[in-house]
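Student: here is my input; please provide its structure:
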Amino acid sequence: MSNQIETQITVQLENRDRISVLLRIFLVVPIAIFLSAFTAWSGSSEASAFLSGLLFLPVLLALVFRGIYPSYALDFNRSLLALSTRVSAYIFLLNDKYPSIEESEDVKITFPDVEGGAKLNRYLPLVKWLLAIPLYLVGVVYVFYALAVLIFTWFTILFTGKMPAFSGEVLLGVTQYWNRIYGYAFLLVTDEYPRFSL
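Tutor: Next up is the predicted model:
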């Protein structure tokens, strides 16, 4: 098993729903409001929006002071990341299935086994966010690349009803890349530094 978060998304290349793709920006609003409700408690700061309601500080404190990763925090973070990934897959046109608020076969998130925190360094979580700065910088470049591919893909699906395979690879790769960063720097489920490649 990998020491990184693994993200699997079923990418729909053929038989795309052109109307859904055309109106995707409007159709995603209800589930985006639901997802944003997880950050409402922490204010409107950029940091809270970036972390999307993940339990970071309690996990950090538990790891540093007790050497334990609370199971309830792990379950919550896994479920919230899966929901966020389902919404991202829908926005990134990876499939036409509306994101479920429950688990889905189309999106699977696999966390590494943290053995209750026993496999994790107790003090590394204090600096992981800082060590991940190069990953953020590369990730921003990937995001701009993904946006260009997304625009191209949107028009391609509208005119042909099909998604190019390379578009699916790029958009899926960027999603997987950011999930690995979240796993390392914010979810704190691995001490293995994520790779830079998609």
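
Student: can you tell me which helix in the protein is longest?
Tutor: What stands out as the longest helix in the chain, according to DSSP state H, is helix 133-160.

Student: helices and strands around the helix or strand just after that helix, which ones?
Tutor: Sequence order places helix 165-181 as the next helix or strand after helix 133-160, per DSSP states H and E. Here helix 165-181 touches strand 6-9, helix 71-91, helix 133-160, going by 3 or more Cβ pairs under 8 Å, 6 or more residues apart in numbering; DSSP states H and E. Placement of C-beta: from N, CA and C, glycine included.

Student: could you give the angle of the longest one to helix 71-91?
Tutor: Here helix 133-160 runs at an angle of 40 degrees relative to helix 71-91 (axes from the mean of the first three to the mean of the last three Cα atoms, to 10 degrees).

Student: output the lowest mean pLDDT helix or strand found in this protein.
Tutor: Every helix and strand of the chain was ranked by mean pLDDT, DSSP states H and E. The lowest is helix 46-51, at a mean of 46.

Student: quick one on the thing from earlier: Asn121: which of the helices and strands packed on helix 165-181 is closest?
Tutor: Taking Cβ to Cβ, helix 71-91 is the member of the helices and strands packed on helix 165-181 nearest to Asn121, at 16.6 Å.

Student: output the contacting helices and strands for that closest one.
Tutor: The contact analysis (3+ Cβ pairs under 8 Å, 6+ apart) places helix 71-91 against strand 6-9, helix 29-36, helix 57-66, strand 107-110, helix 165-181.

Student: and it, what's buried?
Tutor: Buried residues in helix 71-91, counting neighbours by 16 or more other Cβ atoms under 10 Å, are found at 73-74, 76-78, 80-91.

Student: what about this protein, any weak spots by pLDDT?
Tutor: The model of the chain has pLDDT under 70 over residues 1-2, 40-53.

Student: distance between the longest helix of the chain and the chain's centre?
Tutor: The chain centre lies 15 Å from the centre of helix 133-160; the measure is Cα atoms, centre = their mean, to the nearest Å.

Student: what angle do it and helix 165-181 make?
Tutor: Put simply, helix 133-160 runs at 150 degrees to helix 165-181, going by the same axes, to 10 degrees.

Student: of the helices and strands packed on helix 71-91, which is nearest Trp154?
Tutor: helix 165-181 (9.5 Å).

Student: export that closest one to PDB, keeping only CA atoms.
Tutor: C-alpha atoms of helix 165-181 as PDB (Å, rounded to 0.1, in the frame of the first residue of the first chain):
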ATOM      1  CA  ALA A 165      -8.300  11.200 -23.000                       C
ATOM      2  CA  PHE A 166      -5.400  13.600 -22.400                       C
ATOM      3  CA  SER A 167      -7.900  16.100 -20.700                       C
ATOM      4  CA  GLY A 168      -9.000  13.400 -18.400                       C
ATOM      5  CA  GLU A 169      -5.500  12.500 -17.500                       C
ATOM      6  CA  VAL A 170      -4.500  16.100 -16.800                       C
ATOM      7  CA  LEU A 171      -7.500  17.000 -14.800                       C
ATOM      8  CA  LEU A 172      -7.400  13.800 -12.800                       C
ATOM      9  CA  GLY A 173      -3.700  14.200 -12.300                       C
ATOM     10  CA  VAL A 174      -4.000  17.700 -10.800                       C
ATOM     11  CA  THR A 175      -6.700  16.500  -8.500                       C
ATOM     12  CA  GLN A 176      -4.500  13.600  -7.300                       C
ATOM     13  CA  TYR A 177      -1.600  15.900  -6.900                       C
ATOM     14  CA  TRP A 178      -3.400  18.300  -4.600                       C
ATOM     15  CA  ASN A 179      -4.900  15.400  -2.600                       C
ATOM     16  CA  ARG A 180      -1.400  14.200  -2.000                       C
ATOM     17  CA  ILE A 181      -0.400  17.600  -0.700                       C
END
